[in-house]
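[1] Sequence and computational prediction follow.
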Amino acid sequence: KNEVEQSPQNLTAQEGEFITINCSYSVGISALHWLQQHPGGGIVSLFMLSSGKKKHGRLIATINIQEKHSSLHITASHPRDSAVYICAVRASNDMRFGAGTRLTVKP
Amino acid sequence: NAGVTQTPKFRILKIGQSMTLQCTQDMNHNYMYWYRQDPGMGLKLIYYSVGAGITDKGEVPNGYNVSRSTTEDFPLRLELAAPSQTSVYFCASSPGGSGYGYTFGSGTRLTVV
């Protein structure tokens, strides 16, 4: 079993829909990161959080430390949100990565 | 500000050939990392460095070598390429340990045939 599990693996939505991507982890962490990877592109950091909730534009990230669970929400989704979203947890000297959720938003 | 620069972006190698993937950062970050990304899998750590002259193995180091002679550069060397090393490679850097995020390079897509 991977230390970081994401669900769903693939997600297709219509433009305007509310999106939720989930992440569960099994190790002790100091922080959790949400990353975005566009097709053929690099990886960019969206959020780093260790408790509570953070919001940036239409993106919201929450974490529940007791339940070892985090969610990434996208409100009013848009085709340009289509990407792979990766959850990663910071443990000791390294980060452990989920396999990613491939999101496709159709116009 | 260039951030983390990786070269080349694409490369095809024949089995047994060698190559070096270059990684340079201009943010004066102490920590640098090499990851590989295989389809359907999370990024796996190959090697990392916490400062010039210091390197350590990650989860999947076999078949690779690294050096860190300067703060800026962290090249990854493949000595005898094998088909199992076909992957996308990412270099990343961080100012420090826990509490800091990573800055990633744009990746190198390597195919070994």
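    Nice, I can see it. Residues are numbered from 1 along each chain as shown, chains lettered A, B, ... in the order given.
[2] gap between the residue lying farthest from the centre of chain B and residue B:31?
    Ranked by distance from the centre of chain B (C-alpha atoms, centre = their mean), the top residue is residue B:99, with 21.4 Å. Computed as C-beta to C-beta, to the nearest Å, the residue B:99 to residue B:31 distance reads 12 Å. (Each C-beta comes from the backbone N, C-alpha and C, glycine too.)
[3] Tell me which residue of chain A lies closest to chain B.
    Closest contact between chain A and chain B, by C-beta to the nearest C-beta, is at residue A:97 (3.5 Å).
[4] That residue touches residue A:84, doesn't it?
    No. Look at residue A:97 against residue A:84 with C-beta atoms under 8 Å: they stay out of range, at 11.1 Å.
[5] Neighbour count: these two, which is higher?
    residue A:97 (24 against 19; other C-beta atoms under 10 Å in any protein chain shown).
[6] Please tell me the pLDDT value assigned to the closest residue to the more buried one other than its chain neighbours.
    Excluding the flanking residues, the one nearest residue A:97 by C-beta to C-beta, 6 or more residues apart in numbering or on different chains is residue B:42, at 3.5 Å. Looking at residue B:42, its pLDDT reads 87.
[7] same for the strand or helix carrying residue A:12, what does it pack against?
    In the assignment (DSSP states H and E), residue A:12 maps to strand A:10-14. On a contact count with 3 or more C-beta pairs under 8 Å, 6 or more residues apart in numbering or on different chains; DSSP states H and E, strand A:10-14 meets strand A:19-25, strand A:101-106.
[8] Report the contact partners of residue 40.
    Picked chain A for this. If you count contacts by C-beta atoms under 8 Å, 6 or more residues apart in numbering or on different chains, residue A:40 has none.
[9] my bad, chain B
    Residues near residue B:40 by C-beta under 8 Å, 6+ apart: residue A:99.
[10] same deal with residue B:41?
    residue A:99.
[11] Could you do the one 4 residues further on as well?
    When contacts are counted by C-beta under 8 Å, 6+ apart, residue B:45 touches A:94, A:95, B:33, B:34, B:35, B:58, B:59, B:60.
[12] who's it bridged to?
    residue B:35 (DSSP bridges).
[13] Please apply the same query to residue B:111.
    residue B:12.
[14] Touching, it and residue B:13? I think so.
    Yes. Judged on C-beta under 8 Å, residue B:111 makes contact with residue B:13 at a distance of 7.2 Å.
[15] who's more crowded, those two?
    Between residue B:111 and residue B:13, residue B:13 has the larger neighbour count (other C-beta under 10 Å), namely 18 against 13.
[16] what's the closest non-adjacent residue to the more buried one?
    In space, and not counting its chain neighbours, residue B:13 is closest to residue B:81: 4.4 Å by C-beta to C-beta, 6+ apart.
[17] residues near the one you found, how many?
    Neighbour tally, residue B:81, other C-beta under 10 Å: 22.
[18] ok, back up a step: most tightly surrounded among the helices and strands packed on strand A:10-14?
    Mean neighbour count (mean count of other C-beta atoms under 10 Å in any protein chain shown) peaks for strand A:19-25 among the helices and strands packed on strand A:10-14, with a mean of 19.
[19] show me the contacts for the residue of chain B found nearest chain A.
    Among the residues of chain B, residue B:42 lies closest to chain A, at 3.5 Å counting by C-beta to the nearest C-beta. Going by C-beta under 8 Å, 6+ apart, residue B:42 touches A:2, A:4, A:86, A:88, A:96, A:97, A:98, A:99, A:100.
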